[in-house]
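Participant: below is the sequence, then the predicted model.
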Amino acid sequence: QVQLVESGGGLVQPGGSLRLSCVASGFTFSNYAMAWVRQAPGKGLEWVSAVNSGGTTTYYADSVKGRFTISRDNAKNTLYLQMNSLTPEDTAAYYCAKDCAGTVCGSWGQGTQVTVSS
């Protein structure tokens, strides 16, 4: 079955950086667009970024554009999210997801927590 396992979250100071990873299994990773979705404490889901199956086209929410970079390594079945210039507003659980239309996704990882605080 589809498995998506995120890692790389943690506590970081404002202005810092983190790199999230998501290892996929149970499906042909290179055939699917992938996305990152986040959920801040007490708030709803927010679509963050997506990448097409080949990794050649990327999409970003306005709130992260210019600070976050999505990428993938199809040989390693891994999705990445490089997050720079982090602010407390980026504090959230970050989920790797497949088959998404906005925040409605067919498969989800378990999430990795990112906390931005001094």
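Facilitator: Looks like it arrived, so ask away.
Participant: ok, the most centrally placed residue in the chain to Ile70 distance?
Facilitator: Using CA atoms, centre = their mean, the residue of the chain that lies closest to the mean C-alpha position is Trp36, 3.0 Å off. From Trp36 across to Ile70, the span is 6 Å (CB to CB, to the nearest Å). The way it works is simple: take the backbone N, C-alpha and C, and place the C-beta from them, glycine included.
Participant: do Gly106 as well
Facilitator: On the measure of CB to CB, Gly106 and Ile70 end up 18 Å apart.
Participant: check Ser117 too.
Facilitator: 24 Å.
Participant: more neighbours, the two?
Facilitator: More neighbours surround Ile70 than the other of Ser117 and Ile70, with 22 against 10 (other CB atoms under 10 Å).
Participant: the more buried one pairs with what?
Facilitator: Counting by DSSP bridges, Ile70 is bridged to Leu81.
Participant: mind listing what it touches?
Facilitator: Contacts of Ile70 were listed using CB atoms under 8 Å, 6 or more residues apart in numbering, and they are Trp36, Ser49, Ala50, Val51, Thr58, Tyr60, Leu79, Tyr80, Leu81, Gln82.
Participant: most neighbours, which of those residues?
Facilitator: Leu79 leads those on contacts (other CB under 10 Å) with 30 neighbours.
Participant: any idea whether it is helix, strand or coil?
Facilitator: strand (DSSP: H, G, I helix; E, B strand; the rest coil).
Participant: ok, and the closest non-adjacent residue to it?
Facilitator: Cys22 (4.2 Å; CB to CB, 6 or more residues apart in numbering).
Participant: circling back to that earlier point, contacts only, for the residue nearest to the centre of the chain.
Facilitator: The contact partners of Trp36, by CB under 8 Å, 6+ apart, come to Leu20, Cys22, Val48, Ser49, Ala50, Ile70, Leu79, Leu81, Tyr94, Tyr95, Cys96, Ala97.
Participant: next, format the residues you listed as a markdown table and append pLDDT.
Facilitator: Shown next, in a markdown table, are those (pLDDT from 0 to 100):
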| residue | pLDDT |
| --- | --- |
| Leu20 | 98 |
| Cys22 | 98 |
| Val48 | 97 |
| Ser49 | 97 |
| Ala50 | 97 |
| Ile70 | 98 |
| Leu79 | 98 |
| Leu81 | 98 |
| Tyr94 | 98 |
| Tyr95 | 98 |
| Cys96 | 97 |
| Ala97 | 97 |
